[in-house]
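> Turn this into a model:
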Amino acid sequence: MTTYSGKGVYGAIATGKISVFKRQDIKVKREKIEDVAAEIERLEAAKAEADSQLEEIYEKALKEVGETNAQIFEIHRMMMEDDDYNEAIVEMIQGQGVNAEYAVAVTADNFAEMFASMDDSYMQARAADVRDISNRIIACLTNCAEEGADTEGKRIICADDLAPSETVSLDKEKVLAFVTAHGSSNSHTAILARNMNIPAIIGVGEDFLDQIRDGDMAIADGFTGEFIVNPEEETLAEYEKKQEEEAEKKELLQKLKGKENITLDGTKINVYANIGSADNIGAVLLNDAGGIGLFRSEFLYLEKADYPTEEEQLVVYKKVLESMATKKVIIRTLDIGADKQVDYFQLDKEENPALGLRAIRLCLSRPEVFKTQLRALYRASVYGNLGIMFPMIVSVSELEEILALCEQVKRELDSDGIQYSKEIELGIMIETPASAIISDKLAPMVDFFSVGTNDLTQYTLACDRQNPKVERFCDTHHEAILRLIEMAAKNAHDHGAWIGICGELAADTTLTETFLRMGIDELSVSPSFVLKVRDTVRKVDLSQL
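Alright, predicted model coming up:
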C-alpha cells in the first residue's frame, strides 16, 4: 500500500481501478516543402478540423458543466484565430519553406515561452492554452487521434495534468475520479471537475505516475487529498464505509428541500445561488435556492463576436427574471478584464491586469457600453425581482458616477415611455480592502453589499489567486479578511443596508457560523452547495455564546 498526498479540489471519495492517461506522442520533424501554397492549404484544413473538434467539445461541456465553464473552449477557438499566432506560422512556412507541423510546433514553443516568462499569472496560464490548441492542430495535420485513457468500466484517471479539453472529452460515465501530478485548484480543469461532480486530487507529485500501473486498485479521497494505491483490505473497507456515509448524507440533504434557512434561535438567512448563464436556472430551481445572488453578466460578452446589443441582453435578463418568478435575482454588471479577456474590447496588454482596467473601471471608461447594459437591465426589471450589483468599487466618487448614470438611464426611459420597476435594489461588491474600509461611507448610498471573497482575499493578501506557486500563502481564513468582512457587515447594518457573501467562502461551512455571528444576511453559492449550506445554517444557535 502506497499513499500519496495532494490537494483535494472536489470533496468526494472514489474507489476503483486506475487508468493512466496517455497522450499520442507525435514526433514533429522539420521537412522542406516545394509547394508553399499547398502547405498553407493543409494548415487551414487542419485548423478547420481543430475548430470543428473544439466546437463539439464546447457543446459537450455546455451540457455537462454549463455555459460559464464551457467558455474556455470558445476562448481556445478565438485564440486559434489570433493574427500574431497565425502570421508567425505562415511566415515560417513561406520564409523557410518548412512543413506546417514544424511551423506550428516552433511557433507554439515561442509563444508559450513568451507567455510563461511574463510576471502576470493570467498571461502565464496562456502558455498552456497555446500548447493545447497547437497540439490539436498538429494532431489534425498528422491524422493522429488522441489516445486518452483505457476506461473499460469506471476508472480513476491518473495523469501528469489534464487540459480542459481532455477533461471534458473523457466519458463522464466511465470516470470515477481525476488524480494529477500537477495543477492548481483554480485551474480550468479543477473547476470543470468540481462542476462535473467528480472527485479530484491535484499536485500529487512528479513520481507517482512512474510507480502506478493500469489496473491497480486505488482510493481517491477528494476531502483530504490522499491517494492510496493498492490499499489493504482493512483500509478499503474503511473507505467503502465512508462512501456509504457520504451517500446517506446526500440523501438526507435532499430532505431539506422546501425547508427554510432558519437558525435554531429563529434567525432567517437567505441562501442564494451563483450562476453565469440562463442555462443554469434549472440547477438553481433543482437545488431549491431562494434566489440568485450573483448572475455573471460578462458571459454574455464572452460568447459574442461583438458587443451584445440592448435587445440581446434584454432577452437573457428577461428569461432569468421570469424563470425565478418573485425570487430575488442579482445581476452583476460587466466584469471584463484581468482573467476574463474579450478580443473585440481591444484592451491594451497590461503588466498587472488584476490591478488594471477591469470591471467598473472599464464600464466608467466606456459609458456607452455601460449605459447599454443599464438600459437592458432597467427594461428587464418589470419581469421579476431585480437587484443590480456593481463590481470592484474602491471610492465614493466611483459610486456617485454610477448612480448618476443610473438616473440618466431612468430619465431617458421615462422620456421614451418605457416602463421599468421602481423597486430595483442597487448594491456593490466588497472585494477590495478599500471598499471594506470606507464601507461606512458607501453603505448609505446603496441597498446592499455583497462580499466577493475571491478578489478580497487576493487584494488583501497580495496573492494572485491564479498562481499555484503562492497558493499555500493564500489563506482564505486569514484574520485580516474576516475583519474586513465584519467591518463591512457592521457598517451595512448601521446604515440600513443588508449584506451577503457571493465568493467561494460562502460555501465554506466551517465559516458559516462565524459569518452569521458577524451579521451576514445572505450566502450565495454554486447551486450544488445550496442544501449543504442550508443544513449548516439550521444547526447554528446564535443565542449561544
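
> what packs against the longest strand belonging to the chain?
Among the segments of the chain that qualify as a strand by DSSP state E, the longest is strand 13-20. Under the contact criterion of 3 or more C-beta pairs under 8 Å, 6 or more residues apart in numbering; DSSP states H and E, strand 13-20 touches strand 155-159, strand 175-180, strand 217-221, helix 233-254. The C-beta positions use only the backbone N, C-alpha and C, and glycine is treated the same way.

> lowest-confidence stretch among those?
Note on those: lowest mean pLDDT is at helix 233-254, with a mean of 86.

> what angle do that helix and strand 217-221 make?
What separates the directions of helix 233-254 and strand 217-221 is an angle of 40 degrees, with axes from the mean of the first three to the mean of the last three C-alpha atoms, to 10 degrees.

> Next SSE downstream of helix 233-254?
On the C-terminal side of helix 233-254, the closest following helix or strand by DSSP states H and E is strand 270-275.

> Parallel or antiparallel, list what pairs with that following strand.
Paired with strand 270-275 in the same sheet, following DSSP bridges, are strand 292-296 (parallel), strand 522-525 (parallel).

> Please tabulate those strands in JSON lines, including the columns mean neighbour count, distance to Ser5 and mean pLDDT.
Formatted as JSON lines, the entries for the strands paired with strand 270-275 read as follows, by neighbours: other C-beta atoms under 10 Å; distance: least, C-beta to C-beta, whole Å; pLDDT from 0 to 100:
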{"stretch": "strand 292-296", "mean neighbour count": "26", "distance to Ser5": "33", "mean pLDDT": "95"}
{"stretch": "strand 522-525", "mean neighbour count": "28", "distance to Ser5": "27", "mean pLDDT": "97"}
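
> Just put the ones you listed in JSON lines and tack on distance to Ile33.
What follows is the strands paired with strand 270-275, written out as JSON lines (distance: least, C-beta to C-beta, whole Å):
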{"stretch": "strand 292-296", "distance to Ile33": "46"}
{"stretch": "strand 522-525", "distance to Ile33": "55"}
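
> Give the pairing partners of the longest strand of the chain; include direction for each.
Strand 13-20 sits in its sheet next to strand 155-159 (parallel), strand 217-221 (antiparallel), going by DSSP bridges.

> Ala128: neighbouring residues, count only.
One way to gauge burial is a neighbour count; for Ala128, by other C-beta atoms under 10 Å, it gives 17.

> Okay, and it sits in which element?
When elements are assigned from DSSP H and E, Ala128 belongs to helix 121-141.

> That helix - contacts with which helices or strands?
Counting by 3+ C-beta pairs under 8 Å, 6+ apart, the packing neighbours recorded for helix 121-141 are helix 36-80, helix 100-116, helix 164-169.

> what about 7 Å?
Helices and strands in packing contact with helix 121-141 are listed as helix 36-80, helix 100-116; criterion 3 or more C-beta pairs under 7 Å, 6 or more residues apart in numbering; DSSP states H and E.

> most neighbours per residue, which of the helices and strands packed on strand 13-20?
Comparing the helices and strands packed on strand 13-20 by mean neighbour count (mean count of other C-beta atoms under 10 Å), strand 175-180 ranks first with a mean of 27.

> Toward the C-terminus, what is the element adjacent to that one?
Moving toward the C-terminus from strand 175-180, the first helix or strand encountered (DSSP H and E) is helix 188-195.

> Identify the residues contacting that following helix?
Counting by C-beta atoms under 7 Å, 6 or more residues apart in numbering, the neighbours of helix 188-195 from elsewhere in the structure are 9-10, 65-66, 69, 72, 162, 164, 167-168, 178, 183-184, 200, 202.
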